[in-house]
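In: model the following, please.
(chains A, B, C and D, ligands or ions: 2)
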Amino acid sequence: MMKKVAVIGVGLTKFGKHPKVSSRELFAEAAFKAIEDAGIDLKDVEEAFVGSFLPDVLEHQGHIAPLMLDYIGLTGIPATHTEGACASSGVAVRMGYMAIASGLRDIVLVAGVEKMTDFPTSDVTEALALASDDLFEASEGLTFPGVFALMAKAHMDKYGTTEEQMAAVAVKNHHNALFNPYAQFHKEINIETVLSSRVIAWPLKLFDCSPISDGAAVIILASEDVAKKYTDTPVWIVASAQASDTMALCEREELTTFKAARMAAEQAYKMAGVKPKDIDIAEVHDCFTIAEIIAYEDLGFCEKGEGGKLIEEGETEIGGRIPVNTSGGLKAKGHPVGATGVAQIIEVVHQLRGEAGKRQVDGAEIGLTHNVGGTGATVTVHILRR
Amino acid sequence: MMKKVAVIGVGLTKFGKHPKVSSRELFAEAAFKAIEDAGIDLKDVEEAFVGSFLPDVLEHQGHIAPLMLDYIGLTGIPATHTEGACASSGVAVRMGYMAIASGLRDIVLVAGVEKMTDFPTSDVTEALALASDDLFEASEGLTFPGVFALMAKAHMDKYGTTEEQMAAVAVKNHHNALFNPYAQFHKEINIETVLSSRVIAWPLKLFDCSPISDGAAVIILASEDVAKKYTDTPVWIVASAQASDTMALCEREELTTFKAARMAAEQAYKMAGVKPKDIDIAEVHDCFTIAEIIAYEDLGFCEKGEGGKLIEEGETEIGGRIPVNTSGGLKAKGHPVGATGVAQIIEVVHQLRGEAGKRQVDGAEIGLTHNVGGTGATVTVHILRR
Amino acid sequence: MEEAERLVKKYFEFVSEKKFMGLKCKKCGAYILPPKSICKKCGSREFEWVEFSGKGSLYTFTVIHVAAKRFLNDAPFVVGVVQLEEGPRITARIVGVDPNKPETIKTGMPLKVTFIESDEKVLLAFEPEK
Amino acid sequence: MEEAERLVKKYFEFVSEKKFMGLKCKKCGAYILPPKSICKKCGSREFEWVEFSGKGSLYTFTVIHVAAKRFLNDAPFVVGVVQLEEGPRITARIVGVDPNKPETIKTGMPLKVTFIESDEKVLLAFEPEK
Ligand SMILES: [Zn+2]
Ligand SMILES: [Zn+2]
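Out: Ligands and ions are numbered 1, 2, ... in the order given. Reported below is the predicted structural model:
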């Protein structure tokens, strides 16, 4: 009953520092690339969804969806801003998917954007803490890295996960980013780099954390009929799932897993009719290294508690059993929070089209994206297929 | 092809000052009322949309959709925060409508919430200016009342609209609010009250402006089959439309009309198969008195330029040809910005069910809501029918 | 009904008086913290305020070195999730331990409630049970 | 292409140097302000920076009495939309008029560009053409 949905165009800015460049300009760069890539005319876009987390707090600008669209000369159509912390644009992708799957629209633009680097680190730290429960957790001094540190410690206690295993995630992702021209970092690191970096929220150190970044990512979604008119290489979104959980960590049954990720993954696998072993590549939400290890487990790439071993054994490297974060991930590609969900989709599209250059995974046919909002209170999972 | 969508439950908090009451608590009060009114079980809700403008800036809390849902004990389901300035929850209603019209969901919760009164007025003024173009207009000192003042002056110049006509909007809406137990103000005023109040942004005075308010509004939407199971008096959403425009006023062709309102209204009338003259009651976005006068014209209740005359002649009073803002409107019911779009739907539901008490419009069958985001860069129009 | 929702404000009023209070479900007897508008166990919305024993154990913790602006002067400090005797867990500052020696802080260690002042407010905290 | 997008920053650099510059579409010749990444008239994305004459007329205006925090010290002040000779309109401070006598400020009155300092920044402003 639901219609098929294709990604027919993608556009990214380089992630990293863009001093004094406003978010509307980052958006425009990515949007024009995506429109050109799709081969559509600007006026063909019928509706738009823009994911962004903190444009009001950081850049002093609210109501950004029509503002962004206007900056590329596109007014009139419905333009909606979705916010789900670091999953703001994963949520936008799902809204765009719904608009087309329902038969309401034929061509939809979905964007993610965030401008973060023109502000002092303590301001950004304070701002990111808005993604945790302000009354009961942030108010006690818990920061956003702190949230994941609490989970890292719980995972270490329960499964014996080590700081070296976490560091290995950063090493792999920095290596992958070497081959991604859009990545913020192009610098190989080793386990020692991570272990000897300064502590941010023990046991997490600077190199366990994704950086503060600016960037925008835009995709053009289309219905089946329209997709076939514009491209011979559509990439199909075969599952779009979203789940929620408590905001406060103290209310979770367990602190070694994201329940919302497990729920969204289960729904997505069912919707796509595939199993974890069928996934060829995955872009997962490694905002902190521990998050990638937990993602392996939540997505069924390994058993619960085996995530540390999976990275240690190289199974998630390019060339391994299930390459994860070929783009460099949030850790090395960069993490302009609102842009991440769409950027993950773009990396999978590049891989499934065979356009990923030196980081290409041969024969990749099915890819998955996993976008975690804030403390894990929102998670979206998408499965794409060429 | 799209399925029919009904409103089967509504819940409101009183609008006004709720010192130190957090937005999650306001939400909970409205949500439980709506769930009880619908007669459903909490667990029947399949998805939720929460509209809010500035929870991060004002209340220091981001990622509010899952947070709110968790506070009423509802985790797991997708929970999405939409932001469209003062149309944040008008947009949420449209997302909820889409989720059901598409056949994806049978029961959806749609909320609007805003907590504004615990903060100094200059902070709130600064915050509300986030709804205008920060780089090119707010940065020059233009405030949010200032945006509507620019339009008021243009309307006065072009059509001879008077300060007395604008004042009459406030007088009517304060009168209507006398009979609305949820309204912030229960105080009759007269033309002189408005004209003699202090200037906020000339020619707009204090009583031309809607107040700063706290409040929450929740509705339960259902598909046709499910609606019939729960209620004998469903109210159908027969049109849901949204349009966008430039953010900056200086880029608009005209400053005496909201193009996005005209576009959304045209689509809504077409979708519902009705004409302006068929509308029995309307809740329109009177954030400032001039906005209601322009709304009359944009919605086709009178010719362009005749809005001032329409209020002057009493046509929009209860008992007039087309009663507008029977609830008291934003002006007297209050305007917790993110809650307004859903609250408008609720007033129309009360009227169409015949539950509006002393402000009831006899025999009302078709109602319209008109929710303007920020400078008019987003407008949603909904048409409901009993 | 409106008053029943105002639980968060009440909770923090207790904290500011250095009282560690929580909710108890009138229907099923479950203890609830942080305050919620509904008992997740049984769906009841009838509660009473009860004083918690303040006893618990350390479930997990972190040491914050890079703090948000309002807590810059406190860093480094320990934040932990505390398993309370009554059933719920709560996130709080952990004091009386050395933030510079995290290896000496043991999950599972017994704790008792205390209160500290930071950011001009009273914060909930726990310290090792002697 | 990436550089072509950085128009906003450039515009404000000009303003800070007290130069009133705008875009001119290389294809259709339309003047564009505020800067946009595309010409709305013809869809072109090729522009050149040109100095605007700074002449225009008052299209509409307001007097801000209750200002945002950063402009509290400026109030009351006049903000107007100015119809520029080149075609576009721009929102700016209007100076050289009496904010306490709005009835003396006439829409349609001829204006010329000037610059003022407020909030530690240079702001675009217009004043009556003598
Ligand atoms: Zn209970
Ligand atoms: Zn042109």
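In: how about the residue nearest the centre of chain C, phi and psi?
Out: The centroid of chain C falls nearest to C:Ile90 when counting by Cα atoms, centre = their mean (4.0 Å). When quoted as degrees, to the nearest 10, the phi and psi of C:Ile90 stand at phi -140, psi 150.
In: any idea how many residues pack against the closest residue to A:Gly341 other than its chain neighbours?
Out: Leaving aside its sequence neighbours, A:Gly341 sits nearest to A:Gly90 (Cβ to Cβ, 6 or more residues apart in numbering or on different chains; 3.1 Å). For the C-beta atoms, the positions are set from N, CA and C on the backbone; glycine is no exception. Close neighbours of A:Gly90, defined as other Cβ atoms under 10 Å in any protein chain shown, add up to 32.
In: and A:Gly90, backbone torsions?
Out: Per-residue torsions, A:Gly90: phi -60, psi -40 (degrees, to the nearest 10).
In: so how far is C:Arg6 from it?
Out: According to Cβ to Cβ, to the nearest Å, A:Gly90 and C:Arg6 sit 34 Å apart.
In: so the residue nearest to the centre of chain C sits against C:Val79, correct?
Out: No. If you go by Cβ atoms under 8 Å, C:Ile90 and C:Val79 don't touch, sitting 11.2 Å apart.
In: correct me, but the residue nearest to A:Gly341 touches A:Thr369?
Out: Yes. Contact criterion Cβ under 8 Å: A:Gly90 and A:Thr369 qualify, at 7.3 Å.
In: coming back round to it: so what's the residue nearest to the centre of chain C up against?
Out: Residues in contact with C:Ile90 (Cβ atoms under 8 Å, 6 or more residues apart in numbering or on different chains) are A:136, A:250, C:33-34, C:56, C:81-82, C:84, C:124.
In: likewise A:Lys4?
Out: For A:Lys4, the contact set (Cβ under 8 Å, 6+ apart) comprises A:101, A:223-224, A:227, A:236.
In: at 10 Å what do you get?
Out: A:100-101, A:222-225, A:227, A:234, A:236-238 (Cβ atoms under 10 Å, 6 or more residues apart in numbering or on different chains).
In: return the subset of those lying in strands.
Out: A:222-223, A:236-238 (DSSP state E).
In: most neighbours of all the residues you listed, which one?
Out: Neighbour counts for the ones in strands among the contacts of A:Lys4, by other Cβ under 10 Å, peak at A:Ile237, which reaches 28 neighbours.
In: is it bridged to anything, and to what?
Out: On the basis of DSSP bridges, A:Ile237 is bridged to A:Val5, A:Leu384.
In: and it, how far from A:Phe301?
Out: Distance of A:Ile237 to A:Phe301, given as Cβ to Cβ: 20 Å.
In: any stretches of chain C with poor pLDDT?
Out: C:1-5 (pLDDT under 70).
In: can you give me the helices for it?
Out: C:7-16 (DSSP state H).
In: in it, which residue sits nearest ligand 2?
Out: For chain C, the residue closest to ligand 2 is C:Lys69, as judged by Cβ to the ion, at 45.8 Å.
In: dump the residue contacts of that residue.
Out: A:120-127, A:129, C:119.
In: list residues touching both of C:Ile90 and C:Val79?
Out: A:137, A:140.
In: now the element after the strand or helix carrying A:Phe27, going C-ward?
Out: Assigned by DSSP states H and E, A:Phe27 belongs to helix A:23-38. As assigned by DSSP H and E, the chain's next helix or strand after helix A:23-38 is strand A:47-51.
In: quick one, that next one and helix A:23-38 angle?
Out: Strand A:47-51 runs at 130 degrees relative to helix A:23-38, counting by axes from the mean of the first three to the mean of the last three Cα atoms, to 10 degrees.
In: what's the burial count for whatever residue of the stretch 251-386 of chain A ends up closest to ligand 1?
Out: Residue of the stretch 251-386 of chain A nearest ligand 1, by Cβ to the ion: A:Glu251 (15.2 Å). Using other Cβ under 10 Å, A:Glu251 has 23 other residues around it.
In: over to A:Gly374?
Out: For A:Gly374, using other Cβ under 10 Å, the count is 28.
In: and what of the one 5 residues further on?
Out: Taking other Cβ under 10 Å as the neighbour definition, A:Val379 ends up with a count of 32.
In: I'd say A:Asn378 and A:Ser89 touch.
Out: Actually, residue A:378 is Thr rather than Asn. No. Look at A:Thr378 against A:Ser89 with Cβ atoms under 10 Å: they stay out of range, at 11.4 Å.
In: alright, that wraps it up for me.
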